[in-house]
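Visitor: here is a sequence together with a model predicted from it:
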Amino acid sequence: MNRFTREQMAARVGRDIPNGAYVNLGIGLPTLVANHLPRDREIILHTENGLLGMGPAPEPGAEDPDLINAGKQPVTALAGAAFFHHADSFGMMRGGHLDCCVLGAFQVSVGGDLANWHTGTPGAIPAVGGAMDLAIGAKSVYVMMDHLTKKGESKIVERCTYPVTGLKCVNRIYTDLAVIDVTAKGLRVIDIVDGLSLAELTRISGVELKD
Amino acid sequence: MNRFTREQMAARVGRDIPNGAYVNLGIGLPTLVANHLPRDREIILHTENGLLGMGPAPEPGAEDPDLINAGKQPVTALAGAAFFHHADSFGMMRGGHLDCCVLGAFQVSVGGDLANWHTGTPGAIPAVGGAMDLAIGAKSVYVMMDHLTKKGESKIVERCTYPVTGLKCVNRIYTDLAVIDVTAKGLRVIDIVDGLSLAELTRISGVELKD
Amino acid sequence: MIDKTVGTAAAAVADIGDGATVMIGGFGTAGMPSELIDALIDQGARGLTIVNNNAGNGEVGLAALLKAKRVRKIICSFPRQTDSYVFDALYHAGEIELELVPQGNLAERIRAAGSGIGAFFTPTGYGTLLAEGKETREINGRNYVLEYPIEADFALIKAQHADRWGNLVYRKTARNFGPIMAAAAKCTIVQVREVVNLGDLDPEAVVTPGIYVRRVVEIPMAAKFVAQPGAAA
Amino acid sequence: MIDKTVGTAAAAVADIGDGATVMIGGFGTAGMPSELIDALIDQGARGLTIVNNNAGNGEVGLAALLKAKRVRKIICSFPRQTDSYVFDALYHAGEIELELVPQGNLAERIRAAGSGIGAFFTPTGYGTLLAEGKETREINGRNYVLEYPIEADFALIKAQHADRWGNLVYRKTARNFGPIMAAAAKCTIVQVREVVNLGDLDPEAVVTPGIYVRRVVEIPMAAKFVAQPGAAA
């Protein structure tokens, strides 16, 4: 079976982000999107630890421990950047000012529920960070994930079995097999990997998918 | 009958404000206190329209329309001042960070209720400004007022007949006849104008007063 | 390329429709976006709900908008001033609705709208006329009133400098309601004394990040107002 | 004359008692007041409740405080990191209590404590494990959870510059929780890289006004930490 590579997924997300958008890229796979934002657009990146106008990683040796992203990796600040404190930063998120955030996920339900913070494994130390704020805050919430778990189970589910991060919050799902919109009338496939039929994708996913 | 002059009242309030205090002086009579703060103390004045470290009125001709106090009069900013927006300014007040505010009043009740925003006259246009925030926000709320109305009625009352600004919020009352603490055990006179007895003050006031 | 600058005040306010809720920055005349208000008067929208600390001074700015009978309702903390005669007359004639809000609750309700808070318990106003009929609750021995956000379709504010991304810095006490109104409105329009190059504003000192700003109009000589001594808060 | 500067970190933290609630600034190690934490460890207070975004990295700063078994409970959003093994071991051994709070609710609860809000309705966490048992309400068609303020006896934070009045500016993303913690604690203690003269800070750019600060300790070479790539938020 063909699959979109991670770079292809990131490029596709990047193409879908318009000029002038304010965007938060979650930790992990979504971080890749930063390398694939169209060069003819100005897109302003937010990091929840207090920066709008985040730039790329610094040159080796130029890291500044006071200038990091939510993943605690060194970053830079562009001309036009602004720093602010945590309450202001999360007010910005919760207040619906970000146009888009891109998040990783364990599961997304057909109704747009997101599970991406906790596996629920007994004994696992729970950690949530800003995941729940991002899930409910941005105007559009995009999820990037593999379509299937390593065991071959669909990560798009009728109902999340992992603890949820937010309810009815996901707008679009980018997987290695397809791009799927979460709509009021159900999941709608808007792109699919070459050679895969909608019927086969539906069978693999175990949930109803429409054209 | 002897009376404290307005200058004497302002000087007395000024003496009661310790070094390092953060203070908001209300509109009207309390504004006079600024001229009577002891010169050997640093006292930092707050104005609710967004300034800590307010200085005296500017020299004539040096007024800046962007630099005003809550009474919309031109002021200056001292070295060490800070500007902030309205939500931050009122958070500072409501959060209990001001050591003291000094307010004018129509009435104060024996329980410390304050009425200073609205006469309740039919047809009068109500206006409240920051009065209610100041009343409940500062660690100590001092009232400066004439002891009696122009008709000779006591402004210290068993129960406010004017609409209240805040409940149980006044800590001390400075009038032209006395200085009175509002305590859990009732009103306690801590200073009185020369030649006036506690008995006579009590008679004039129409409420119970203690030594 | 992002460029939020707009050529004229008229173009900036062109899409404000009848019946819109419009926040107007300023405390008295400090921070009042007079030229944007003038453009709104020329534009003609009526039936407006206005959110401002006051209800206008003299016959300029907000008072002129009131005088032109464009305002259905005003939400403010201090309408009555020595020179608020335009509002006073409309109020007494029953031609304008007034929602009086303690100044701190006004600020916090605007802040709540911008930051996604559904409602909050405030100590201000408890036990007073202005809390009558409102939900109250005792929390840890203190009494509070439940207050809801104030949102707006548009905010008209004034700042000192902006860049093309819409980052703003203000000047002295003219900052007042600008930053919180910018965040609370669906479309924030700013008049600034000077547009500077991207990168000229210190990122540590930006007060309103550009995310809250839709349009910027440069109006260099906005300082036509004067301070209004003697009026209360 | 006001002078909030204190000679040593040890003197600044001397009165933190057993059982105190202590907010500690920083996001990971950016903004973490390491020298104040070291002084707190030397000072010996135990049974502490700590409020921080994380639960310590490696064996320095907050992690060292945990390792010394001084902490009874931690309130944070993201305890589990690649190098949070000190916390992990204590947690699995049942030797530390954890209150996990979504990061935005953590920030807003701290902000509420500093600004006199009794409680607030937040959309974050609705319908999740972290809102179980909490009061909820639908407001204008959206669901919210009621959250309460987080107050503290002390806040230990780090800033870039201070003056003798305690006015603070921060540096880049090391600002994070500093300003809101400063306002939420009864006694805020700040380590700064440099104390400057009164008047040297631009009043338009002061982030934390001195009213929120009780003590300032100058620690010029605080930058002994390094960034921690690879750990999550």
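Guide: It's in. Numbering: from 1, shown residues only, chains lettered A, B, ... in the order given.
Visitor: now do the helices for chain A: every range, in order, please.
Guide: For chain A, the helices defined by DSSP state H cover A:6-15, A:86-94, A:131-137, A:198-205.
Visitor: buried sites along the longest one?
Guide: Buried positions in helix A:6-15, judged by neighbour count with 16 or more other Cβ atoms under 10 Å in any protein chain shown: A:Met9, A:Ala10, A:Ala11, A:Arg12, A:Val13, A:Gly14. Every residue, glycine included, has its C-beta placed from N, CA and C.
Visitor: and the first one, what does it touch?
Guide: I take that to be A:Met9. A:Leu29, A:Leu32, A:Met144, A:Tyr174, A:Thr175, A:Asp176 (Cβ atoms under 8 Å, 6 or more residues apart in numbering or on different chains).
Visitor: most widely separated two among those?
Guide: Maximum pairwise distance among the contacts of A:Met9 (Cβ to Cβ): 14.2 Å, between A:Leu32 and A:Thr175.
Visitor: please say which of those two ends up with more neighbours.
Guide: Higher neighbour count among A:Leu32 and A:Thr175: A:Thr175, with 25 against 18, using other Cβ atoms under 10 Å in any protein chain shown.
Visitor: contacting residues around A:Leu32?
Guide: Applying Cβ under 8 Å, 6+ apart, we find A:Leu32 in contact with A:Arg6, A:Glu7, A:Met9, A:Ala10.
Visitor: test for you: state the pLDDT assigned to C:Gly199.
Guide: C:Gly199 is assigned 98 on the pLDDT scale.
Visitor: leaving aside the residues adjacent along the chain, what's closest to it?
Guide: With sequence-adjacent residues excluded and distances taken as Cβ to Cβ, 6 or more residues apart in numbering or on different chains, C:Gly199 is closest to A:Ala79, at 3.1 Å.
Visitor: thought C:Leu198 was touching that neighbour, still the case?
Guide: Yes - in this structure, A:Ala79 is within contact of C:Leu198 by Cβ atoms under 8 Å, at 5.1 Å.
Visitor: more crowded one of the two?
Guide: More crowded of A:Ala79 and C:Leu198, by other Cβ under 10 Å: C:Leu198, with 19 against 14.
Visitor: pretty sure the more buried one sits against C:Ala162.
Guide: No - contact criterion Cβ under 8 Å: C:Leu198 and C:Ala162 do not qualify, at 10.3 Å.
Visitor: so what pLDDT did the most far-flung residue of chain C relative to its centre get?
Guide: Most distant residue from the mean C-alpha position of chain C: C:Gly141, 34.3 Å away (Cα atoms, centre = their mean). pLDDT for C:Gly141: 97.
Visitor: same thing with C:Gly166?
Guide: 98.
Visitor: what's the answer for C:Gln228, then?
Guide: Looking at C:Gln228, its pLDDT reads 43.
Visitor: same check, this time on C:Lys224
Guide: On the pLDDT scale, C:Lys224 is placed at 44.
Visitor: same check, this time on A:Arg41
Guide: On the pLDDT scale, A:Arg41 is placed at 97.
Visitor: which one is it nearest to, not counting chain neighbours?
Guide: A:Asn19 (4.0 Å).
Visitor: the one you found: neighbouring residues, count only.
Guide: Neighbour number of A:Asn19 under other Cβ under 10 Å is 12.
Visitor: wait, it sits on C:Ile2?
Guide: Yes - with contacts counted by Cβ under 8 Å, A:Asn19 reaches C:Ile2, the gap being 7.0 Å.
Visitor: find the residues that touch each one of these two.
Guide: A:Glu42.
Visitor: now distance to B:Asp181 and mean pLDDT too, for the helices of chain A, in CSV please.
Guide: Output for the helices of chain A, formatted as CSV (distance: least, Cβ to Cβ, whole Å; pLDDT from 0 to 100):
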stretch, distance to B:Asp181, mean pLDDT
helix A:6-15, 66, 97
helix A:86-94, 37, 98
helix A:131-137, 47, 96
helix A:198-205, 74, 97
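Visitor: so which of those is the most packed in?
Guide: Comparing the helices of chain A on average neighbours per residue, with mean count of other Cβ atoms under 10 Å in any protein chain shown, the densest one is helix A:131-137 at a mean of 31.
Visitor: packing partners for it?
Guide: Counting contacts by 3 or more Cβ pairs under 8 Å, 6 or more residues apart in numbering or on different chains; DSSP states H and E, helix A:131-137 packs against helix A:86-94, strand A:100-103, helix D:103-115.
Visitor: same thing but at 6 Å, please
Guide: Secondary-structure packing of helix A:131-137 (3 or more Cβ pairs under 6 Å, 6 or more residues apart in numbering or on different chains; DSSP states H and E): helix A:86-94.
Visitor: what about the helix it packs on and chain B, touching?
Guide: No - Helix A:86-94 does not reach chain B (Cβ under 6 Å from any Cβ of the partner chain); its nearest approach is 10.1 Å.
Visitor: show me what that helix is in contact with.
Guide: A:48, A:50, A:133, A:137, C:115-116, D:104, D:107-108, D:111, D:176-177, D:180 (Cβ atoms under 6 Å, 6 or more residues apart in numbering or on different chains).
Visitor: and for stretch C:173-180?
Guide: So stretch C:173-180 is contacted by B:49-51, B:66-68, B:83, B:85-87, C:25, C:27, C:30-31, C:110-111, C:157, C:170, C:207-208 (Cβ under 6 Å, 6+ apart).
Visitor: if you set the cut-off to 8 Å instead, what comes out?
Guide: The set of residues external to stretch C:173-180 that reach it, using Cβ under 8 Å, 6+ apart, is B:47, B:49-51, B:65-68, B:83-87, C:23, C:25-27, C:30-31, C:52-53, C:107, C:110-111, C:114, C:157-160, C:168, C:170, C:190, C:207-208, C:212.
Visitor: so where's chain C shaky on pLDDT?
Guide: Applying pLDDT under 70 to chain C flags the ranges C:221-233.
Visitor: got the residue ranges for the helices in it?
Guide: C:9-12, C:34-43, C:62-67, C:85-92, C:103-114, C:178-184.
Visitor: make a markdown table out of these and add distance to D:Ala63 and mean neighbour count.
Guide: Shown next, in a markdown table, are the helices of chain C (distance: least, Cβ to Cβ, whole Å; neighbours: other Cβ atoms under 10 Å in any protein chain shown):
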| stretch | distance to D:Ala63 | mean neighbour count |
| --- | --- | --- |
| helix C:9-12 | 52 | 20 |
| helix C:34-43 | 53 | 21 |
| helix C:62-67 | 55 | 23 |
| helix C:85-92 | 60 | 18 |
| helix C:103-114 | 35 | 28 |
| helix C:178-184 | 36 | 29 |
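Visitor: so which of the ones you listed gets nearest B:Val189?
Guide: When those are compared by Cβ to Cβ, helix C:103-114 sits nearest B:Val189, at 32.7 Å.
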